[in-house]
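Trainee: Turn this into a structure:
(chains A and B)
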Number of protein chains: 2
Amino acid sequence: MGREGEPWVVMKTARAPSNIAVIKYWGKRDEKLILPINSSISVTLDPEHLSATTTVAASPAFHSDRLWLNGKEVSVEGERYKNCLREMRARATDVEVESTGRVIKKEEWSSLHIHIASENNFPTAAGLASSAAGFACLVYALAQLMGVKENYEGELSAIARLGSGSACRSLLGGFVKWNMGQEADGRDSIATQLAEHSHWDDLVIIIAVVSSRQKETSSTSGMQESVRTSPLLKFRAEEVVPKRIEQMEKAIKSMDFAEFAKITCADSNQFHATCLDTSPPIFYLNDTSRRLIGLVERWNRHAGEPQVAYTFDAGPNAVMFARNKEVGAELLKRLLYQFPPSSDADFSRYVIGDQSILESTGVTSLKDIDSLSAPAELSGVVNPPRIPGEVDYLICTTAGKGAYVLDGPHLLDPVSGLLPKKSAF
Amino acid sequence: MGREGEPWVVMKTARAPSNIAVIKYWGKRDEKLILPINSSISVTLDPEHLSATTTVAASPAFHSDRLWLNGKEVSVEGERYKNCLREMRARATDVEVESTGRVIKKEEWSSLHIHIASENNFPTAAGLASSAAGFACLVYALAQLMGVKENYEGELSAIARLGSGSACRSLLGGFVKWNMGQEADGRDSIATQLAEHSHWDDLVIIIAVVSSRQKETSSTSGMQESVRTSPLLKFRAEEVVPKRIEQMEKAIKSMDFAEFAKITCADSNQFHATCLDTSPPIFYLNDTSRRLIGLVERWNRHAGEPQVAYTFDAGPNAVMFARNKEVGAELLKRLLYQFPPSSDADFSRYVIGDQSILESTGVTSLKDIDSLSAPAELSGVVNPPRIPGEVDYLICTTAGKGAYVLDGPHLLDPVSGLLPKKSAF
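Mentor: Model (predicted):
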C-alpha cells in the first residue's frame, strides 16, 4: 500500500488492429446500440502496419474524462465514448496496482476520471477503419486497467460495438465474424473468431490508398440513408448476406481462395451497389478504384482462376488479397506498373508496411518501375493507362493477431497522466 | 402501269426518334425474342435533334439485301436484321406504286431484295440509343414500303423490338410504356403511348455527352451478365419496378415533376447499382457522370424541391430534364459554369440542338462562360471543380413526336437503289 493521500496515477497501454470486412456491414437496425441488419465477416490486419495504440489512465487527481487523438485533445462527450466508458465502469473489479500494492476497489471506478490518449500508425484520413481500431483498443485497454473479466465470451466486443460497429471485430485476430444477434439489448451482437491468422498464413494483403477529390459521406450517415431509401439494401441483408456468410465461413475454413475471392469481390460490389441505390446516391468508388478493379478482374480472367480479390470500404481505397507470396509480388509489380508514383515522389514512402514483398519484386527505385514490362493480360491493350500519382501509396501487410497489451512506452505521462509536451506529433 | 420488263425501284424514307428510358429496361427473359424481365417507360426525344433517317428500297434488279449505316456498307446477316425483315415480308400487302401505277403483289415481297440506308443526326459513338432509333425507323419505313397494316395496336413495335428492345418505344412520340407482356411469342410485349409530347410541353431536356476513356460493355452482353450473376436484379425486376411503373404513369399523367424527378433519378441509380452488382462488375458511370449527378442533387437540395432530374443509359452521358424553360436555362448556365469546354473548343459546337435555351442564358462565347458566377448552392464550396473539356458537348432538346414519313430526299439513288457516290459522309 502506498501512503494515504499521496497522488497516484495508474495506466495501461494496449494495441488493437484495424480490420477489413469481406462480407460488409452496412445498415443498423438500432442506431443507439449499433445493432446491424446483417452479420459480417472480416480479416484482421497485422497490427504492426495498421493499428491503434491507446493508453488509459485513472487518478483521483483527474477532474474529468479527457481524450487525446493523435496528439490533439478532442471531446469525450460523444455518446459513443460515454457508452463505452459507462459499460466498462459498470464491469470494473477490485484491482491491485502491482507497483504500489494499492487496491482500487470496484466501487471507486465509478468516481475515478479517465484520461485516454490514442494514436494510429497509419494516416487517420486514409479511410482505413481507424475508428474500429480505436474503439477496440480503448475497450481492451480499459478492461486491463479496470480488471474487467467477460461474463460471457464476446462481452467486450459488444461494448466495443457501442463505440463503432466494426470495432467489435478488431479485438480478435485472423478471421472474425460479427454475429448480428437477435436480442433487443444487443448482448448477442458480438464478434467470434472463425480462424487464427496462422490458419491461412500465405495470404498477402496490399492496400492501395487512393486520393479522393470529393468529400465522402461518413459511413454513419451513409448507412442511415441507405436503410431509409434503398429498396435493394433490405433484400441484400435478408436474402443475400445469410447465404454468403455461410459460404465465406466454409471458404475460410477450407482455405478455398477461389471461393473466398469470388464472394469477397461480389460482396464489396454489392455493398457499393446499395450505396448507389440510395437517394441521393452515395459514391465511394472513383475512376481510380474502377481501374484497380479492372486490373484485378482482367488478371483473374487471364489466369483462368482468381489470383487476387479486392474489397472497398466507405472510400476509394482498394484492399487486395493475393493468394500467396509469389502472387503478392506479382500484384505489387502490376500495381507499380499501372499506378506508378508521381515523378517527384519519394519511392521509399510509396511502398510501406511489410518490405519483404517489395524485396521479392526486385524493384528498388522509381527507375526500376519505368523498366517494368506490361503484364501478359495487358498484351492486347493499346496504351494501357499509366497515370502517375493516381494512387497515393501502397501498404503491404498480412492478416494478423487481435488486441494485446503493451508494456510501454505509454502515451500519457506516468506522473501527471497528461499528454507529454514532447509528443510524437 | 410501267412497261413490263423495265427496271424499277420503289423506295420510302422515314425518320424515327431516339428515346431515353426513365424506368430502365435491363435484362431479357428471352434472348431471341428480346422479351424483357420488366416493363419500362421512356420519353421520346425530338427527332429534329436525335433521330435516325432511313430509306428502304425494293427492286427486282437487287441481288441481295444490303445495308448502309452512316454511309458505310455493313452486313445485314445478323439475326436482328433478318428477324425484322422476315416479319415485315410476312405482313406485306399488295402495294400500288403511285408514280407508276405498278402493283407489287403481296406474294412478290418475299422474293424482292431490300436495300437499306440509314443515318443518324447525332454521333453514333455518343451512346445515345442509335440502335433504338435505327430499328424503329427501319420497321416504320418498311411498313410504308410494303403496305403493312397492324393486325393489332402495337404489332409494329413488337417487330421493332426484335431489332433492339428499346426500339419498340421509338415508334411513338411523347411518353411511352413498353409493356413486358406475358405471351411466350412476345406478341403482347409492345409499346403504348402514355401521353403525347404536347401533354407536358414545358419540360426541357439537356444531354451532356461525356467522353469515356474506357471501352464500355455493350448493353446486350451487359444485361446478359447481370441476369446471370446479379442477385439484386431479379428483385428489382419483380418487386421494385412494377410499383415504379405505376407511380411513373401517374406522375406523367398529372405532370408531377417532383415525383417524375424522384423516380427517374432513383431508377437510373438502381439500374447502375445492378450493373455494379454484376460479376465482374459493369461500370457505365465515371467520375464526370458522378459530378453531373452531384450538380443536380446539390441544386435540388438547395432549391427545396426537384428542379432537374437525371438519367444515364449504358454509358457516362447524362440526360437531364428541367422542369421548365427557365429552369432549363438555369441548368445550362450551371453546366457551362461547372463543365466549361476546353479552351481551344469551338463554342458553336459545344451547345447544339435547340438554340432557344442557349439564347435565354445570354451566353454567346467562351468569354461569357468565364464571367459566369457560381450558382447559389455552390457558395459554401471552396474551389468547386471546373475542369475544361470533361464534357464533350451539350445537346438541348425536348420531348418529341414518334416516327414519320419523309417525302425526301432519299438516302438511296432513286434509279440505281444504291448509296449515292456523293454521300453526306
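Trainee: List the buried residues of stretch A:86-98.
Mentor: The neighbour-count check on stretch A:86-98 (16 or more other C-beta atoms under 10 Å in any protein chain shown) flags A:Glu87, A:Met88, A:Arg89, A:Arg91, A:Ala92, A:Val95 as buried. In short, each C-beta sits where N, CA and C put it, glycine included.
Trainee: interface residues of the stretch 251-400 of chain A facing chain B?
Mentor: The stretch 251-400 of chain A comes close to chain B at residues A:262, A:265-266, A:269-270, A:272-274, A:276-281, A:283, A:286-287, A:290, A:293-294, A:297, A:301, A:385, as judged by C-beta under 8 Å from any C-beta of the partner chain.
Trainee: run the last query once more with 10 Å
Mentor: A:262, A:265-266, A:268-283, A:285-291, A:293-294, A:296-298, A:300-301, A:381, A:385, A:387 (C-beta under 10 Å from any C-beta of the partner chain).
Trainee: Buried among the residues you listed? Make that a ChimeraX selection.
Mentor: Only the buried entries of these go into this ChimeraX selection, using 16+ other C-beta under 10 Å:
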select /A:262,265,266,268,269,270,271,272,273,274,275,276,277,278,279,280,281,282,283,285,286,287,288,289,290,291,293,294,296,297,298,300
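Trainee: Which of the residues of the stretch 251-400 of chain A next to chain B fall in helices?
Mentor: If you go by DSSP state H, those have A:262, A:265-266, A:268-276, A:287-291, A:293-294, A:296-298, A:300-301 in helices.
Trainee: Touching stretch A:368-384 from outside, list them.
Mentor: A:291, A:294-295, A:297-303, A:330, A:333-334, A:336-341, A:343, A:347, A:350, A:361-363, A:365, A:386, A:388, B:215 (C-beta atoms under 10 Å, 6 or more residues apart in numbering or on different chains).
Trainee: tell me which residues of the helix or strand bottoming out on mean pLDDT in chain A are tucked away?
Mentor: Confidence across the helices and strands of chain A bottoms out at helix A:366-370, with a mean of 90, counting by mean pLDDT, DSSP states H and E. By neighbour count on 16+ other C-beta under 10 Å, the buried set for helix A:366-370 is A:Leu366, A:Ile369.
Trainee: for stretch A:194-207, same thing?
Mentor: For stretch A:194-207, by 16+ other C-beta under 10 Å, it's A:Leu194, A:Ala195, A:Glu196, A:His197, A:Trp200, A:Leu203, A:Val204, A:Ile205, A:Ile206, A:Ile207.
Trainee: Look up the closest residue to the first one, ignoring the ones flanking it.
Mentor: Pointing back at A:Leu194 there. Using C-beta to C-beta, 6 or more residues apart in numbering or on different chains and skipping the chain neighbours, the partner closest in space to A:Leu194 is A:Phe175 (4.2 Å).
Trainee: which residues does A:Gln338 contact?
Mentor: Per C-beta under 10 Å, 6+ apart, neighbours of A:Gln338: A:291-292, A:294-295, A:372, A:374-375, A:378, A:384-387, A:390-391.
Trainee: And those, which is closest to chain B?
Mentor: A:Pro385 (6.7 Å; C-beta to the nearest C-beta).
Trainee: Hmm, A:Tyr337 and that closest one touching each other?
Mentor: No: A:Pro385 is not in contact with A:Tyr337 according to C-beta atoms under 10 Å; the separation is 11.1 Å.
Trainee: Start and end of stretch A:207-218, how far apart?
Mentor: 20 Å (C-alpha to C-alpha, to the nearest Å).
Trainee: ignore the last one, stretch A:202-217
Mentor: End-to-end distance for stretch A:202-217: 35 Å, by C-alpha to C-alpha.
Trainee: Rounded mean pLDDT for that stretch, please.
Mentor: The average pLDDT for stretch A:202-217 rounds to 86.
Trainee: how distant is that stretch from the center of its chain?
Mentor: 12 Å (C-alpha atoms, centre = their mean, to the nearest Å).
Trainee: picking up where we left off before, wait, what's in contact with the residue nearest to A:Leu194?
Mentor: Contacts of A:Phe175 by C-beta under 10 Å, 6+ apart are A:19, A:22, A:41-44, A:169, A:193-197, A:199-200, A:203, A:248-249, A:251-253, A:260, A:399.
Trainee: now, which of these lie within helices?
Mentor: Reading helices off the contacts of A:Phe175 with DSSP H, I get A:Met248, A:Glu249, A:Ala251, A:Ile252, A:Lys253, A:Phe260.
Trainee: Not counting its neighbours along the chain, what's nearest the second one?
Mentor: Sequence neighbours aside, A:Leu194 is the residue nearest to A:Glu249 in space, at 6.0 Å (criterion: C-beta to C-beta, 6+ apart).
Trainee: what does the last one give?
Mentor: The shortest distance from A:Phe260 to any non-neighbouring residue, by C-beta to C-beta, 6+ apart, is to A:Ala251 (4.3 Å).
Trainee: tell me which residues of stretch A:337-355 are tucked away?
Mentor: Within stretch A:337-355, judged by 16+ other C-beta under 10 Å, the buried ones are A:Tyr337, A:Gln338, A:Phe339, A:Pro340, A:Pro341, A:Phe347, A:Tyr350, A:Val351, A:Ile352, A:Gly353, A:Asp354.
Trainee: show me where the stretch 1-150 of chain A has strands.
Mentor: Ranges of strands within the stretch 1-150 of chain A are A:10-17, A:19-23, A:28-30, A:35-36, A:40-44, A:51-59, A:66-69, A:72-74, A:95-96, A:103-104, A:113-120, based on DSSP state E, counting those that start in this stretch.
Trainee: In terms of residue numbering, what are the domains of chain A?
Mentor: A:10-198, A:204-397 (automatic domain parsing).
Trainee: that older thread, show me the contacts for the residue nearest to A:Phe260.
Mentor: Going by C-beta under 10 Å, 6+ apart, the list of residues near A:Ala251 reads A:22, A:41, A:175, A:200, A:244, A:257-264.
Trainee: Repeat that for A:Asp256.
Mentor: Contacts of A:Asp256 (C-beta under 10 Å, 6+ apart): A:Gln247, A:Met248, A:Lys250, A:Lys262, A:Ile263.
Trainee: Separate out the buried members of those residues.
Mentor: A:Gln247, A:Met248, A:Lys262, A:Ile263.
Trainee: Would you mind confirming that the first one makes contact with A:Val22?
Mentor: Yep, that's A:Gln247 we're talking about. No: here A:Gln247 lies out of contact with A:Val22, judged by C-beta under 10 Å, at a distance of 11.1 Å.
Trainee: Identify the contacts common to those two.
Mentor: A:Phe260, A:Ile263.
Trainee: where does the closest residue to A:Phe339 other than its chain neighbours land on pLDDT?
Mentor: Nearest residue to A:Phe339 in three dimensions, chain neighbours excluded: A:Val391, at 4.2 Å (C-beta to C-beta, 6+ apart). For A:Val391, the pLDDT comes out at 95.
Trainee: number of nearby residues for A:Val391?
Mentor: 26 (other C-beta atoms under 10 Å in any protein chain shown).
Trainee: Residues in a beta bridge with it, which ones?
Mentor: With DSSP bridges as the criterion, A:Val391 is bridged to A:Val210.
Trainee: For it, give me its contacts.
Mentor: A:207-211, A:288, A:291-292, A:316-318, A:335-336, A:338-342, A:350.
Trainee: ditto for A:Gln355
Mentor: By C-beta under 10 Å, 6+ apart, the neighbours of A:Gln355 are A:Ser348, A:Cys396.
Trainee: For the stretch 301-425 of chain A, which segments count as strands?
Mentor: Going by DSSP E, counting those that start in this stretch, the stretch 301-425 of chain A shows strands at A:308-311, A:318-322, A:351-353, A:391-397, A:404-406.
Trainee: Of those strands, which stretch is the most buried?
Mentor: Using mean count of other C-beta atoms under 10 Å in any protein chain shown, the stretch among the strands of the stretch 301-425 of chain A with the largest mean neighbour count is strand A:318-322, at a mean of 26.
Trainee: Restricting to C-alpha, output it in PDB.
Mentor: What follows is strand A:318-322, C-alpha atoms only, in PDB (Å, rounded to 0.1, in the frame of the first residue of the first chain):
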ATOM      1  CA  ALA A 318      -8.600  -0.900 -52.500                       C
ATOM      2  CA  VAL A 319      -7.700  -3.700 -50.100                       C
ATOM      3  CA  MET A 320      -6.400  -6.600 -52.200                       C
ATOM      4  CA  PHE A 321      -5.800 -10.200 -51.100                       C
ATOM      5  CA  ALA A 322      -3.200 -12.200 -53.100                       C
END
